[in-house]
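J.: Sharing a sequence plus its predicted fold:
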Amino acid sequence: MTTAGGIEQSYRLVKPQMEALDGLLEELLTADVPCVDEMLKYAGRYSGKRLRPVLIFLIAEMCGGAGEAHVRLGAVVELIHMATLVHDDVLDRATTRRNHDSVNIRWNNKDAILLGDIMFARAIRLLVSIGNMHALDRLTGAVSIICEGEIQQNQLSGDPGVDFDTYRQIIERKTASLYAAGCELAALLAGADEALVQAFDRFGMSLGTAFQIIDDCLDLTGEEDVVGKSLGTDVRNGKMTLPLIHLLSRLDDQERAEIEALIRGDDCSPDDIARVRELLQVHGSVAHALGLARSYVEQSLATLRGLLPPRDFGVVEELAAFVLEREL
């Protein structure tokens, strides 16, 4: 898998579209009510690498060219993503995002929830302006699926018996579904044939699944000043992620009971998190999860192999490599 140009090369390939996206998001993240305007601009920091719009613009260029509809689509997907992060920080009781106080800490939980709702509403309104009923159906459906995945995960919070199949279903819903919808619609709006549209749908689902596995690994092993957000929240909130599922399958009865008690409990101390990190290292649980993430990336590339010219396929490989190697 090539990594020479990295994601920066991908940005350069779609620079005009990214600049148009910046301008559109700036318009969308404003309000006449001063306190809401301040919150929207602050939440704009949640937009990080903008990997989802980059994917949309690159896929569009590969399938016939990116136009105004793709800029709007990129903004819709990014707004939906940002809204879910605002809500996630409330659900996870997170304190930091992008190396700043999270919205719920800077203000409060009630207003953070309402702000996320405003962002969802603006995303849907912009989506309607694209004028494509399938796009409207696909992305509003994705928002519903994301919320269903979050509820499923919340209902299973504190349950150390969650298995891999259930975990996979959750992350496909809460993360991969938006990737799949964005990739499919990027190809569709560019006029790609049905086979390529469906291939990009499958590509997005596999890549998004890998992305969330990496995210779950970073929550357990990353450094907050690098990742830029509160870490260790999955253990503290009793969320079973792939590294923890693997770890529990490798522990003796005493250690398993110790970790299960942490998962069932209401809080974990820094020493508890350090203990989990130690066991993850000893039993190779993060390495196992990273290996599976790599297999999902390879699966995503396999859906497009032979359908794209070598140059375009190389660009897709670069993005896939970034997903695997990212630290934030």
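T.: Everything's here; your move. Here the structure is a predicted model, which means the values were calculated and not measured.
J.: and residue 108, how far is that from residue 102?
T.: Going from residue 108 to residue 102 by C-beta to C-beta, to the nearest Å gives 11 Å. Heads up, the C-betas are built off the backbone N, CA and C, glycines and all.
J.: One more: residue 8?
T.: Separation of residue 8 from residue 102 (C-beta to C-beta) stands at 27 Å.
J.: And residue 259, by the same measure?
T.: The spacing between residue 259 and residue 102, counted by C-beta to C-beta, is 27 Å.
J.: What of residue 196?
T.: 39 Å.
J.: Compare the two (neighbour count), which wins?
T.: Each of residue 196 and residue 102 has its neighbours counted (other C-beta atoms under 10 Å); residue 102 has more, 26 against 20.
J.: Which stretches in the stretch 1-150 of the chain count as strands?
T.: 96-97, 100-101 (DSSP state E, counting those that start in this stretch).
J.: Adding mean neighbour count and distance to residue 46 as columns, could you present those strands in CSV?
T.: Shown next, in CSV, are those (neighbours: other C-beta atoms under 10 Å; distance: least, C-beta to C-beta, whole Å):
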stretch, mean neighbour count, distance to residue 46
strand 96-97, 20, 6
strand 100-101, 14, 10
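J.: quick one: which of those is nearest residue 153?
T.: strand 96-97 (18.8 Å; C-beta to C-beta).
J.: can you give me the offset of that closest one from its chain's centre?
T.: 15 Å (C-alpha atoms, centre = their mean, to the nearest Å).
J.: helices and strands around it, which ones?
T.: Here strand 96-97 touches no other helix or strand, going by 3 or more C-beta pairs under 8 Å, 6 or more residues apart in numbering; DSSP states H and E.
J.: Could you give the average pLDDT over that strand?
T.: Averaging pLDDT along strand 96-97 gives 88.
J.: Next: stretch 217-237.
T.: For stretch 217-237, mean pLDDT is 70.
J.: can you check stretch 61-68 too?
T.: Rounded mean pLDDT across stretch 61-68 is 94.
J.: for it, which positions count as buried?
T.: 61-63, 66 (16 or more other C-beta atoms under 10 Å).
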